[in-house]
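Give me a model of this one.
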Amino acid sequence: MMFASQGRAIIASVYHFLKEEFEFTKLTKEPNWDITHLQNISRRTAEATGNDSDYSGTEYDCSSDDE
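Numbers count the residues shown, from 1 in each chain. Here you go, the predicted model:
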């Protein structure tokens, strides 16, 4: 059984991973690479975690009780 706090932690982890992936790709990409499909990190997080219905177009609150 997954608790809500565990679900939020997973979503935050996915969000942070996708954000770091985008930032790294932006810094290391070749000039002609199109990475616009990676820009909407919140949408990608919602899709990756199956939370499309909760996606509101705003950034996720990734603050954690563990930090």
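
In contact with residue 21, which residues?
By C-beta atoms under 8 Å, 6 or more residues apart in numbering, residue 21 lies in contact with residue 38. The C-beta positions use only the backbone N, C-alpha and C, and glycine is treated the same way.

remind me, longest helix of this protein?
helix 4-28 (DSSP state H).

roughly how far apart are the residue nearest the centre of the chain and residue 32?
Computing the C-alpha centroid of the chain and ranking residues by C-alpha atoms, centre = their mean puts residue 15 first, at 2.4 Å. In this view, residue 15 and residue 32 are 28 Å apart by C-beta to C-beta, to the nearest Å.

How about residue 16?
Distance from residue 16 to residue 32, counting by C-beta to C-beta: 28 Å.

just to revisit the earlier point, tell me which residues of the following helix or strand past the longest helix of the chain are tucked away?
Counting by DSSP states H and E, the next helix or strand C-terminal to helix 4-28 is helix 41-49. Under the neighbour-count criterion of 16 or more other C-beta atoms under 10 Å, helix 41-49 has 41, 42, 44, 45, 46, 49 buried.
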